[in-house]
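Q: Return a 3D structure for these sequence lines:
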Amino acid sequence: MPSESVIISQKENGFKFKRYTLMEIKGATSSLRVKKGESLDIVINAGQNDINPLQLIRIVKFDKKKKTREKKLGEESTAKAAFGLSVTGRTDAKFAIENDVEFTAKKFGHQSYRISIPYIEQGEYGILIDGANATGQSNLDALIITTLGVDK
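A: Numbering: from 1, shown residues only. All right, here's what the predicted structure looks like:
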């Protein structure tokens, strides 16, 4: 599966007092294409497979733009900060990334997981793997991202 370089940035919408993290991948489509409605089985080498795969792996659907694919990872209110009130929040973005696609995962060999996706809609998707899993910590810099596109 193709590995993609990713730009992760903080964006603000001042009018709505919102700040969010945006994942952006260059190119409007992935080079790996599958047909809509087909079930998928994918083997992912995670370096180890003694951690619950649902803690390590996320499958997200990207918003397709003309030259990029984007995914909003999390959002927080900046209204409190704007009015001088204290703001507390998670800096661990792992918890902000929700699955857009249902899947099951089972151990496969000694370092991998077999991911089964029973049904997938048309669109552009990313499979996010928490590359920091060996230390038990998570951050966006350690994400391993592969992509696929689903056609009619």
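Q: Just the strands from the chain, written as ranges.
A: In the chain, the segments counted as strands under DSSP state E are 6-13, 18-26, 33-35, 40-45, 57-64, 68-77, 104-108, 112-117, 123-130, 143-151.
Q: contacting residues around the nearest residue to T147 once chain neighbours are set aside?
A: Once flanking residues are discounted, T147 sits nearest to S30: 3.8 Å by C-beta to C-beta, 6 or more residues apart in numbering. Bear in mind the C-beta positions are built from the backbone N, C-alpha and C, glycine included. Contact analysis of S30 by C-beta atoms under 8 Å, 6 or more residues apart in numbering lists P2, E4, R69, E124, Y125, T147, L148, G149.
Q: Mind checking which of those are buried?
A: Buried residues within the contacts of S30, counting neighbours by 16 or more other C-beta atoms under 10 Å: E4, R69, E124, Y125, T147, L148, G149.
Q: Distance check, S112 against A46.
A: Look at S112 and A46: by C-beta to C-beta, to the nearest Å, they are 6 Å apart.
Q: whoops, K66 was the one
A: Taking C-beta to C-beta, one finds K66 at 33 Å from A46.
Q: Comparing the two, which shows the higher neighbour count?
A: A46 (22 against 5; other C-beta atoms under 10 Å).
Q: Tell me how far that one lies from G109.
A: 11 Å.
Q: and for those two, which residues touch both?
A: Going by C-beta under 8 Å, 6+ apart, no residue sits against A46 while also sitting against G109.
Q: now stretch 117-133: mean pLDDT?
A: Rounded to a whole number, the mean pLDDT of stretch 117-133 is 85.
Q: beta partners for the spatially most central residue of the chain?
A: Centroid check for the chain by C-alpha atoms, centre = their mean gives L128 as the closest residue, at 4.4 Å. Legend: beta-bridge partners of L128 under DSSP bridges are R58, I145.
Q: Do I have it right that it meets I144?
A: Yes. The pair L128 / I144 is scored as a contact, 7.4 Å apart, by C-beta atoms under 8 Å.
Q: So in the protein, where's the weakest helix or strand by average pLDDT?
A: The helix or strand of the chain with the lowest confidence, counting by mean pLDDT, DSSP states H and E, is helix 79-82 at a mean of 52.
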